[in-house]
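Chemist: below: sequence and its predicted model.
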Amino acid sequence: MRRRGPGLRVCGSREGNGTQREPESGKNGESSHGGTPYRPDDAAARGSSKIEGMPDDFMPLEGWDHLELWVGNAKQAAYFYEQAFGFTPVAYAGPETGVRDRASYVLEQGEIRLVITSGLRADSEVARFAYAHGDGVKDVALRVPSAQEAYRQAVQRGAVGVVEPHWVEDELGRVELAAIGTYGENLHTFVNRSAYEGVYLPGYVSTLGNGAVREGVGLRAVDHVVGNVELGRMNRWVEYYEQTMGFTEMIHFSDEDIATEYSALMSKVMTGGKGKIKFPINEPAEGRRKSQIEEYLDYFGGPGVQHVAMQTEDIIATVDALRERGIRFLDTPDTYYEDAEQRVGEISEDWAAIRRLKILADRDDDGYLLQIFTKTAQDRPTLFFEVIERHGSLGFGHGNFKALFEAIEREQALRGNL
Ligand SMILES: [Fe+2]
């Protein structure tokens, strides 16, 4: 594992075999602030360190806006996320609101916003996506002060422009949207909702009966969103996030860090928005048997979002509530707990409860974290969820990787895919 210091944007310190990729266009474009044009080679030549948030932070991300899932049957999937995961339905758009080709259900819990969409006819792009990939994440949308500026900055550095900046409005105000492409068929929509009072977007109707968002199961915020990409493609997407959105590499896990007896993977964690946004990117590595990443790529039909991690401040209560509602988690063998207490040291939680719920624990220099992973959320062995509680640790549960991947392999073997 190689870790980069938090908060520092280190220029010109690229390591490994990744080659600096020139932005595909706009290399000499002027910044809108009238500053000097962006040239990656200049930054490399200076070899200096810069603090994020200084004027050259060309992509000021404010946080996660929403995750949109494209699914086969949004009405039933939304019910699953409401009943099993404890989300509150807050808005809807579909034929009843004048949308002809799709239906979308917006659900919230804490700061997490999910949009669950399905197509209404076979020729819908949403229906085609769901047919090709199964239910999955289509869009990881990010909140920005200006969608036009975020789009312009990203595209001039080589990002794929998918939806040009535009405003949508109704009597509650207006929202500015634009979108760029990323791995697979996925998008990052930039959302500027600073001038909007409505519950989600113009065109959606509120479904909040008495205006109250329910308590839920204690899920508070999105922590990170992980992408799986093909063998040999991880560094290309690492560079894409570096160059088009100014992300930096936070941690790098090699195939030796993440290996079991049977399979291996490599992962780099990209971070932006001053640490608010974290995108680990995985690729498969050579192993004796089929890696979980290869299984994902086979069934999803290409790259896509592997898991979404959601934070809680009380993982024991959250996992108890999720189990009560029928969510099934990956199992952890009792042997894991034989040395876990010694490895992780003192924690505020009760080890008996941690062991009973099969929660994993890990510690690093900054503190500790508790985490657990659900089984996949649909029949295809693709998207799943993580529940995480952080106590200082900025890591991803490195000490749990072996136990986790052995648990995933037991599931793969049950599916006949190991
Ligand atoms: Fe994770």
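Modeler: Received the coordinates, thanks.
Chemist: CA atoms of stretch 407-418 as CSV?
Modeler: Presented in CSV, the C-alpha positions along stretch 407-418 are these (Å, rounded to 0.1, in the frame of the first residue of the first chain):
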residue,chain,number,x,y,z
ALA,A,407,-15.9,-13.9,1.9
ILE,A,408,-16.6,-12.7,-1.6
GLU,A,409,-15.0,-15.8,-3.0
ARG,A,410,-17.2,-18.0,-1.0
GLU,A,411,-20.2,-16.2,-2.7
GLN,A,412,-18.5,-16.6,-6.1
ALA,A,413,-18.1,-20.3,-5.5
LEU,A,414,-21.7,-20.6,-4.6
ARG,A,415,-22.6,-19.0,-8.0
GLY,A,416,-20.2,-21.3,-9.8
ASN,A,417,-18.0,-18.4,-10.8
LEU,A,418,-14.7,-19.2,-9.0
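Chemist: chain center to that stretch, what's the gap?
Modeler: Chain-centre distance of stretch 407-418: 24 Å, with C-alpha atoms, centre = their mean, to the nearest Å.
Chemist: which residues does that stretch contact?
Modeler: 260, 262-263, 289-290, 292, 295, 298, 330-333, 373, 375, 381 (C-beta atoms under 8 Å, 6 or more residues apart in numbering). Glycine gets a C-beta too; all of them are placed from N, C-alpha and C.
Chemist: beta partners for Val140?
Modeler: In this entry, Val140 is beta-bridged to Leu67, by DSSP bridges.
Chemist: got the contact list for it?
Modeler: Applying C-beta under 8 Å, 6+ apart, the residues contacting Val140 are 64, 67, 182, 186-188, 225, 279, 305.
Chemist: returning to that earlier point: can you tell me which two in the contacts of stretch 407-418 are farthest apart?
Modeler: Pairwise distances across these peak at 26.8 Å for Asp298 and Pro333 (criterion: C-beta to C-beta).
Chemist: ramachandran angles for Val229?
Modeler: With angles defined as degrees, to the nearest 10, Val229 sits at phi -130, psi 170.
Chemist: that should have said Ala127, apologies.
Modeler: Torsion angles, degrees, to the nearest 10, at Ala127: phi -60, psi -40.
Chemist: Ile112 too?
Modeler: Main-chain torsions, Ile112, degrees, to the nearest 10: phi -90, psi 130.
Chemist: in PDB, list the C-alpha atoms belonging to stretch 120-133.
Modeler: Extracted in PDB, the C-alpha atoms of stretch 120-133 (Å, rounded to 0.1, in the frame of the first residue of the first chain):
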ATOM      1  CA  LEU A 120     -41.100   2.700 -20.200                       C
ATOM      2  CA  ARG A 121     -40.600   1.300 -23.700                       C
ATOM      3  CA  ALA A 122     -38.100  -1.100 -25.300                       C
ATOM      4  CA  ASP A 123     -36.500   1.700 -27.300                       C
ATOM      5  CA  SER A 124     -35.700   3.700 -24.200                       C
ATOM      6  CA  GLU A 125     -32.000   4.200 -23.400                       C
ATOM      7  CA  VAL A 126     -32.800   3.400 -19.800                       C
ATOM      8  CA  ALA A 127     -34.400   0.100 -20.800                       C
ATOM      9  CA  ARG A 128     -31.500  -0.700 -23.100                       C
ATOM     10  CA  PHE A 129     -29.000   0.000 -20.200                       C
ATOM     11  CA  ALA A 130     -30.900  -2.200 -17.800                       C
ATOM     12  CA  TYR A 131     -31.100  -5.000 -20.400                       C
ATOM     13  CA  ALA A 132     -27.300  -4.800 -21.100                       C
ATOM     14  CA  HIS A 133     -26.000  -4.300 -17.600                       C
END
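Chemist: quick check: buried residues in it?
Modeler: 120, 124, 126-127, 129-130, 133 (16 or more other C-beta atoms under 10 Å).
Chemist: what of stretch 297-316?
Modeler: For stretch 297-316, burial by neighbour count (16+ other C-beta under 10 Å) applies to 297, 299-312, 315-316.
Chemist: which of the buried residues of stretch 120-133 lies closest to the ion?
Modeler: Nearest to the ion among the buried residues of stretch 120-133: His133, at 20.3 Å, using C-beta to the ion.
Chemist: quick one: distance of the one helix or strand Leu297 maps to to the chain centre.
Modeler: Using DSSP states H and E, Leu297 sits in helix 292-300. From the chain centre to the centre of helix 292-300 is a distance of 17 Å (C-alpha atoms, centre = their mean).
Chemist: near the ion at all, that helix?
Modeler: No: counting by C-beta under 5 Å from the ion, the ion is not contacted by helix 292-300; separation bottoms out at 12.9 Å.
Chemist: I'd like the distance between the closest residue to Asp364 other than its chain neighbours and Asp362.
Modeler: Nearest residue to Asp364 in three dimensions, chain neighbours excluded: Gly395, at 4.7 Å (C-beta to C-beta, 6 or more residues apart in numbering). Applying C-beta to C-beta, to the nearest Å, the value for Gly395 to Asp362 is 7 Å.
Chemist: next one: Thr332 from Val238, what distance?
Modeler: 30 Å.
Chemist: actually Glu338, not the one I typed
Modeler: Distance, Glu338 to Val238, using C-beta to C-beta: 37 Å.
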